[in-house]
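1. Structure for this input, please:
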Amino acid sequence: MVPDQRVVWVVQENHMTFIQDQTEWVNTEIRFDIAATDGGTELTFTHVGLVPDYECYSACSPAWTFYITESLRDLVTTGVGQPSEFPGQIEAEAAAARG
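-> Here you go, the predicted structure:
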């Protein structure tokens, strides 16, 4: 953590019900870069290590977009986020269950 600039989480375990390989995220970084702007604050989110070759990429990439641009924004601006509502989640889990 760099106060007022960056927060980084290193993923140590992975528990996703809709993928086979539970090591895909292990040792990847979830990074939040924070910068002051004239209008307030800019947040840049990067999941370092989440790549298109990963099984979860097609579900995880749009989920991150939803969580950051909608759920987190709502949490910050209204106090209420949407922590388990990402579009496609139910479909991804159902497809995984079918094999």
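
2. tell me which element the residue nearest the centre of the chain falls in.
-> In the chain, the C-alpha nearest the mean C-alpha coordinate belongs to Trp64, at 3.6 Å (CA atoms, centre = their mean). Using DSSP states H and E, Trp64 maps to helix 57-66.

3. swap in Glu13?
-> Using DSSP H and E, Glu13 maps to neither a helix nor a strand.

4. That one is in contact with Val26, isn't it?
-> Yes. With contact defined as CB atoms under 8 Å, Glu13 counts as touching Val26 (6.8 Å). C-betas here are computed from N, CA, C, even on glycine.

5. Give me the pLDDT for the residue lying closest to the residue nearest to the centre of the chain once chain neighbours are set aside.
-> Counting by CB to CB, 6 or more residues apart in numbering, His47 is the residue found nearest to Trp64 once chain neighbours are left out, at 6.0 Å. We have a pLDDT of 96 for His47.

6. Surely His47 and Glu24 touch.
-> No. The criterion here is CB under 8 Å, and His47 misses it with Glu24 at 11.0 Å.

7. Measure how buried the residue nearest to Trp64 is and give me the count.
-> Residues lying near His47 (other CB atoms under 10 Å) number 18.

8. is it true that Glu24 touches Asp53?
-> No. Using CB under 8 Å, Glu24 is not in contact with Asp53; the gap is 9.4 Å.

9. The two: which has the busier surroundings?
-> Glu24 (20 against 7).

10. now the nearest residue to the more buried one once chain neighbours are set aside: how far from His15?
-> Among residues not flanking Glu24 along the chain, Tyr54 sits closest, at 4.8 Å (CB to CB, 6+ apart). Distance, Tyr54 to His15, using CB to CB, to the nearest Å: 15 Å.

11. Tyr57 touches Leu50, doesn't it?
-> Yes. With contact defined as CB under 8 Å, Tyr57 counts as touching Leu50 (6.5 Å).
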